[in-house]
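Asks: sequence-free structure coming up:
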């Protein structure tokens, strides 16, 4: 939830912003209210107050954009900030933090689309075997159209 408080005693108190878990519907309402206030010719705001409100609005827009982008992502491994987005039944997007400098522990976001149809049966079996799944299990998943997300995650994990 995002709260923006304005002091009604004649002194405007702009910029008190509290961020907690996002209630997207409330955030969108507050964004629209700010747009209306800024668009009003008789809002009584000084140039400095208008600039402050525009900054808050830009911040809210950034939160909303981030929320919309993240809403379809499912965390599959919090230890490396790994997420999956289901595109179709057999296509998945993955992203995770990968260490690029072991000394400094510097990370970089690695993203990749995995389309199960682009892999051979052998490649899928080998990838899943690396994580302890048997060929019989994986063959059953492929035959019955199950666990595609898990298969895709195994394929992603082994990509460099």
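Replies: Yes, it's here. Remember, predicted model here, so these are calculated numbers, not experimental data.
Asks: show me where this protein has its strands.
Replies: Remark: strands assigned in the chain by DSSP state E are 2-4, 17-19, 73-77, 82-86, 91-101, 106-115.
Asks: among those strands, which is nearest residue 50?
Replies: Nearest of the strands of the chain to residue 50, taken as CB to CB: strand 2-4 at 14.3 Å. C-beta: built from backbone N, CA, C; applies to glycine.
Asks: hang on, the earlier thing: comparing the strands of the chain, which comes out most buried?
Replies: For the strands of the chain, the largest average neighbour count (mean count of other CB atoms under 10 Å) is found in strand 82-86, namely a mean of 19.
Asks: returning to what we had before: the strands of the chain into a markdown table, with extra columns for distance to residue 30?
Replies: Output for the strands of the chain, formatted as a markdown table (distance: least, CB to CB, whole Å):
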| stretch | distance to residue 30 |
| --- | --- |
| strand 2-4 | 6 |
| strand 17-19 | 10 |
| strand 73-77 | 24 |
| strand 82-86 | 27 |
| strand 91-101 | 29 |
| strand 106-115 | 29 |
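Asks: and those as CSV, adding distance to residue 31 and mean pLDDT?
Replies: Compiled in CSV, the strands of the chain are given as follows (distance: least, CB to CB, whole Å; pLDDT from 0 to 100):
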stretch, distance to residue 31, mean pLDDT
strand 2-4, 9, 41
strand 17-19, 13, 46
strand 73-77, 22, 89
strand 82-86, 24, 93
strand 91-101, 26, 94
strand 106-115, 27, 94
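Asks: can you say which of those is nearest to residue 43?
Replies: Once those are compared by CB to CB, strand 2-4 is nearest, at 14.3 Å.
Asks: the strands of the chain: which one's closest to residue 58?
Replies: So among the strands of the chain, strand 17-19 is nearest, using CB to CB, at 12.1 Å.
Asks: the strands of the chain: which one's closest to residue 154?
Replies: Of the strands of the chain, nearest to residue 154 by CB to CB is strand 106-115, at 9.4 Å.
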